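# build the 3D model from these lines:
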Amino acid sequence: MFKRKSGILILLVLACTLFLSLASVAAAATYDLDRIDLYDYYDSSNRIRIYEDDLEQNMEKTVDWRRIKIIPRVIDGSYTITGEVSQNSDDEYYVTLDEGDTIRVTINVYDNKDERRKRYYLDLTRGMEGIESVLFTADDFEKEFESLSATNKLAVPKDVDKVKMKVYLTDSDYEVECNDSGSSNNTWNISVPKSGTVSVYLNVYNDDGDEVAEYKFEISRSSSASSSAQELLDDLTVKNGSKSYELFPEFDEDIHEYYICVPSDIKSVTLTPDYGDDCETVKINGKTVRDGNESSELSSSTGGSSYTMKITDDDGDSESYTITVIRASVSSGSGAELDNLRIKRGSSSKESSMSEIDSEPSFDEYKTNYKLIAGGDTAYFSFRPSLEDSDGVALLAYDDKVLMLENDSYCTPVKLESDEVATLRSYSPNFKSYKDYKFEITGRKLDDTDTLESMELYVDGVKMNLSPTFDSKTYTYKASVGTKADVYTITPKADDASATITVNGDTVKSGRTSSEYSLADSFTNVVVTVTAENGDSNTYRLTIDRSGSTTSTNPQDGDPVKVILRIGSTSYIVNGQTKQISSAPYINSSRTQVPLRVIAESLGASVYYNPTAKQITISKGNERMYMDIGKVIKDFDVAPEIKANTTFVPIRYVSEKLQCKCKYNNASKEVIITYNMDDDD
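The predicted model follows:
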């Protein structure tokens, strides 16, 4: 018996010990985050890690990835992520961001009993902030990064000992440091080691001093020295039989895309490379072409046929180039000039930053050399060529790129630097001739004047007075015109010739007259916007009153009356005076329904409503008219009705009974009723 009790006692002791041990373990557990890893969903080598002191209940992070994978690491327990998140087939959490978007996710940490112990909020933003691009330059070397990842690699020619790095920021409110060192012009000189790599860290801070982005560059030397185009190829000849054709632009080792435009009867061309001093081999479409020999025939097509040319230097390094051969779709049409060219400039590639500008001089199809003002080291430009014939082709060569332009359409904005020259080549429809227009980019400061020197209003060709008299710092005006007035024009003149002007959204040259615009039957609102060369803008507003204000707004028999109502509006006008109604006119079965009492009393009539019989009586002089609520009026296919405690009647029926004129302006959605007016009014 004692042994049995002893065994039970031992089991109890062991159980207590185990319980205390488990309780101790549970008490020692830390249900919290250790860190958070953020990955570029499409390139897991790009990672941002949030840990230690950066782990806060509310966190913010800016990245330049569209899709971000989120992997929290917990010390103990488990986690979930809630908010605008998705899960892939591996049950990994990720969010998708458009540029400038911010998404908040919540990270919940649970203990072993699935009870939440911690909650963190993480705001993820896809950067419009931070660095727009980074430019590296040295003698005969240039490389620009227009998009950045967390780590970026740069290989410079082996004879380059130092590169200059220029950082362009998306906004002047931001600051950047390179390896913890600032610079007044965001430019640093980087020494390149003889072997190995040098790491460069760029940290971007907002105007509050908070770090919003970090980028890393690993810079090393390549195995070959820098070489000029002449060292790779001295020449590249394009032929079909004895006929020669142009390569656009001329061959340069730094430009990797080219076009050849040939007439409609040329089905193919050949390329003949003239090797430079450093050139070892040239392959076109995979076939070696010896120095001075013709390649195999390269077929042309109206949609463009593309071929690859690979050049290998004597150190074994290779560069690949794309050459597109386009055949004209028509055999006629020799005019190569542009009919017109419009240009927009902006501080970024966003449409909202772009405004139309003039070149210097203004574009003329017979002039070929122009200047474009960037306003700083760089600017974005968009070109819209108007070809003499839509079967022609326009190409834009800039920096190390070539872009095909669409007729009468603005191209994707391109970034151009001060002192750079862009060439726009327009081909005739038969591709037998072309014309080059060159644009030199100038970096002078942009003018910020966004006001008008004068603004003149002409109605039916007659100059009208503005109230108040025009002043460049006054932005709101009125003008009164006769009821028979028809059209108007605006002649604005800018204080600075570099500013652009729009009237009702249409561009107007400074000092020139706008297009003609029709006047509304009551009030016409005119908007004139002046945009300075630097993008600042001001808006002038003009209201033209054509309502025909007369001597009486509470008419009696014999008084002239003009009443204007607008569909959907609770404002109406009686002889030029604006009044309010509780319910707006509307259209039912193609008939315009208006508030009965307002319109009848505006015309000097009296109204009586019998609620028992639901009958309306309108009296004016010896005229009597009766209508029943809900009963269709003969020949009008619509009945008076009550809506929102307001009685509505078909206005044309009432106005005709009261011997008034009624017309409907579909453009302005206005009903105009006149009484005792001239027939021509």
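
# for E214, give the beta-bridge partners.
N203 (DSSP bridges).

# number of nearby residues for it?
14 (other C-beta atoms under 10 Å). Where you see a C-beta, it was placed from the backbone N, CA and C, and this is true even at glycine.

# now it: how far from S619?
Noted for E214: a distance of 83 Å to S619, by C-beta to C-beta, to the nearest Å.

# next one: S301
82 Å.

# ditto for K164
91 Å.

# repeat for D54
For D54, the distance to S619 - C-beta to C-beta - is 82 Å.

# P595 too?
In terms of C-beta to C-beta, P595 sits 18 Å off from S619.

# more neighbours: which of those two?
P595 (23 against 14).

# now do the contacts for the more buried one.
P595 makes contacts with I581, S582, S583, P585, T646, T647, F648, as judged by C-beta atoms under 8 Å, 6 or more residues apart in numbering.

# need the pLDDT of L20.
What the model reports as pLDDT for L20 is 52.

# about what we covered before: can I get the contacts of P595 in TSV including secondary structure, neighbour count and distance to I323?
Output for the contacts of P595, formatted as TSV (DSSP: H, G, I helix; E, B strand; the rest coil; neighbours: other C-beta atoms under 10 Å; distance: C-beta to C-beta, whole Å):
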residue	secondary structure	neighbour count	distance to I323
I581	coil	17	71
S582	coil	10	73
S583	coil	16	70
P585	coil	23	66
T646	strand	16	74
T647	strand	20	78
F648	strand	23	72
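
# K478: which of those is nearest?
I581 (23.9 Å; C-beta to C-beta).

# distance of the closest one from S668?
Taking C-beta to C-beta, one finds I581 at 18 Å from S668.

# got any ranges where the stretch 501-650 of the chain has weak pLDDT?
Residues of the stretch 501-650 of the chain meeting the criterion pLDDT under 70: 548-560.

# run through the strands of it in chain order.
Assigned by DSSP state E, counting those that start in this stretch, the stretch 501-650 of the chain shows strands spanning 506-508, 517-518, 523-531, 537-545, 561-566, 571-574, 577-580, 586-588, 591-595, 606-610, 615-620, 623-628, 641-643, 646-650.

# now do the stretch 1-150 of the chain
Counting by DSSP E, counting those that start in this stretch, the strands of the stretch 1-150 of the chain are 33-40, 43-51, 58-63, 67-74, 78-83, 86-87, 93-96, 102-110, 116-126, 131-138, 141-145.

# okay if I get those as CSV plus mean pLDDT and distance to E601?
CSV is the format used below for the strands of the stretch 1-150 of the chain (pLDDT from 0 to 100; distance: least, C-beta to C-beta, whole Å):
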stretch, mean pLDDT, distance to E601
strand 33-40, 91, 70
strand 43-51, 83, 71
strand 58-63, 82, 62
strand 67-74, 92, 65
strand 78-83, 90, 59
strand 86-87, 88, 63
strand 93-96, 91, 60
strand 102-110, 88, 56
strand 116-126, 86, 59
strand 131-138, 88, 65
strand 141-145, 86, 73
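
# would CSV of the ones you listed with distance to N179 and mean neighbour count be doable?
Shown next, in CSV, are the strands of the stretch 1-150 of the chain (distance: least, C-beta to C-beta, whole Å; neighbours: other C-beta atoms under 10 Å):
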stretch, distance to N179, mean neighbour count
strand 33-40, 23, 18
strand 43-51, 19, 13
strand 58-63, 21, 16
strand 67-74, 27, 18
strand 78-83, 35, 16
strand 86-87, 38, 10
strand 93-96, 32, 19
strand 102-110, 29, 17
strand 116-126, 25, 17
strand 131-138, 14, 19
strand 141-145, 17, 15
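
# just send the ones you listed back as JSON lines, with distance to Y517 too.
Formatted as JSON lines, the strands of the stretch 1-150 of the chain follow (distance: least, C-beta to C-beta, whole Å):
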{"stretch": "strand 33-40", "distance to Y517": "52"}
{"stretch": "strand 43-51", "distance to Y517": "54"}
{"stretch": "strand 58-63", "distance to Y517": "46"}
{"stretch": "strand 67-74", "distance to Y517": "48"}
{"stretch": "strand 78-83", "distance to Y517": "50"}
{"stretch": "strand 86-87", "distance to Y517": "51"}
{"stretch": "strand 93-96", "distance to Y517": "45"}
{"stretch": "strand 102-110", "distance to Y517": "42"}
{"stretch": "strand 116-126", "distance to Y517": "42"}
{"stretch": "strand 131-138", "distance to Y517": "40"}
{"stretch": "strand 141-145", "distance to Y517": "46"}
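
# nearest to R624, of those strands?
Closest among those, using C-beta to C-beta: strand 102-110, at 68.2 Å.

# okay, now the sheet partners of that closest one, with direction.
strand 78-83 (antiparallel), strand 116-126 (antiparallel).

# out of the ones you listed, the one nearest Y31 is which?
Set against Y31 and scored by C-beta to C-beta, the strands paired with strand 102-110 come closest in strand 116-126, at 3.9 Å.

# just the residues contacting the closest one, thanks.
31-33, 36, 38, 50, 55-66, 68, 70, 77, 95, 97-111.

# same thing with stretch 190-203?
131, 134, 136, 156, 160-165, 167, 176-180, 211, 213-221.

# kindly recompute the last result at 7 Å.
Residues from elsewhere that reach stretch 190-203 (C-beta atoms under 7 Å, 6 or more residues apart in numbering): 131, 156, 160-163, 165, 167, 176-179, 211, 214-221.

# report pLDDT for the closest residue to D389 other than its chain neighbours.
Leaving aside its sequence neighbours, D389 sits nearest to P429 (C-beta to C-beta, 6 or more residues apart in numbering; 4.4 Å). Note for P429: predicted pLDDT of 94.

# wait, doesn't P429 sit right on A394?
No. Taking contacts as C-beta atoms under 7 Å, P429 lies outside contact range of A394: 11.9 Å.

# circling back: contacting residues for the residue nearest to D389?
A328, V330, S332, G333, D389, D391, G392.

# show me which of those is closest to S348.
The closest of those, once distances to S348 are taken by C-beta to C-beta, is G392, at 30.8 Å.

# which residue is nearest the middle of the protein?
E351 (3.0 Å; C-alpha atoms, centre = their mean).

# now that residue, what are its backbone angles?
phi -60, psi -40 (degrees, to the nearest 10).

# and the helix or strand where K216 lies, average pLDDT?
For K216, the enclosing helix or strand under DSSP states H and E is strand 211-221. Strand 211-221 carries an average pLDDT of 83.

# ok, the contacts of P429 vs R624, which is closest?
When these are compared against R624 (criterion: C-beta to C-beta), the nearest one is D389, at 70.7 Å.
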